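J.: sequence and predicted structure, then a few things I'm wondering about:
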Amino acid sequence: MAVFLLVWALLLAWLPAPAAAQNRPGAAITQMRLEQADDGVYLSAGVQFELPSLVEEVLDKGIAIYFVAEAEMYQERWYWTDRKVAQVTRHMRLAYQPLTRRWRLNVSPVPITGAAGFGISLNQNFDSLGDALEAIKRIGRLRMGDAAEIGDDPLHQVTFRFRLDTSQLPRPFQIGVVGQADWNISAERTAKLALEKQR
């Protein structure tokens with residue numbers, strides 16, 4: 001009986017995984033960098049992901065999709081839990097403009113909702129989806145705070161998160177994406193970063 005179970009376990013390990021599991025989308029944080037400038041401390045990060053064809057189809061229909069990048073910085077304390085010294089969020093809205101055949105990216109520190117309008121946001125236009133996605137993947141200059149607030153520790157613990165925010169999709173799409181792996185684009189990384197002086 002034990003031999004039979006061993007052969008069965010080896011056979012299962014040898015078989016390839018189902019296609020859905022092999023091609024599951026996701027994201028990876030490729031780099032994080034902390035810089036000190038005259039006006040504060042900034043975090044830059046790089047994210048790598050592929051946009052699934054299902055999400056591209058939704059974009060082609062004129063439905064906007066939203067990404068969120070979040071960063072938190074902690075001060076280590078030996079006598080208690082780590083203290084959060086900074087937190088920042090960046091919201092990104094990507095939409096296709098059928099009339100101009102261009103891609104528009106809105107970047108804002110607050111959620112970009114229909115009720116609130118686009119408020120204070122940076123708007124960029126791109127000729128291709130690939131160019132727009134490259135801009136999303138390069139998270140530059142997230143202002144963590146003033147140098148005095150951050151402290152002068154040699155290393156700073158930073159947690160960075162990136163995700164596709166399905167909560168801002170139209171309600172019918174929110175119901176349809178539940179349980180679909182194509183919509184699960186997210187990554188998180190925690191690292192101790194040295195504070196580099198800006199050149």
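T.: Now that the structure is in, tell me what you want to look at. Residues are numbered from 1 along each chain as shown.

J.: got a list of contacts for stretch 127-139?
T.: Residues outside stretch 127-139 that contact it (Cβ atoms under 8 Å, 6 or more residues apart in numbering) are 43-49, 51, 56, 59, 67, 69, 90, 92, 94, 96, 102-103, 105, 124, 126, 160, 162. C-betas here are computed from N, CA, C, even on glycine.

J.: report the buried members of the residues you listed.
T.: Buried by 16 or more other Cβ atoms under 10 Å: 43, 45, 47, 49, 51, 59, 67, 69, 90, 92, 94, 96, 103, 105, 126, 160, 162, out of the contacts of stretch 127-139.

J.: neighbouring strands of the longest strand belonging to the chain in the sheet, and parallel or not?
T.: Assignment by DSSP state E gives strand 83-97 as the longest strand of the chain. For strand 83-97, sheet partners with direction are given as strand 65-75 (antiparallel), strand 102-108 (antiparallel), following DSSP bridges.

J.: single out the most deeply packed of these.
T.: When neighbours are counted by mean count of other Cβ atoms under 10 Å, the highest per-stretch mean among those falls to strand 65-75, a mean of 20.

J.: same question for the longest strand of the chain, mean pLDDT?
T.: For strand 83-97, mean pLDDT rounds to 93.

J.: repeat that for stretch 35-50.
T.: Computed over stretch 35-50, the mean pLDDT rounds to 93.

J.: what does that stretch contact?
T.: Outside stretch 35-50, the residues that touch it by Cβ under 8 Å, 6+ apart are 25-34, 69, 71, 73, 86, 88, 136-147, 150, 158, 160, 162, 185, 187, 195-198.
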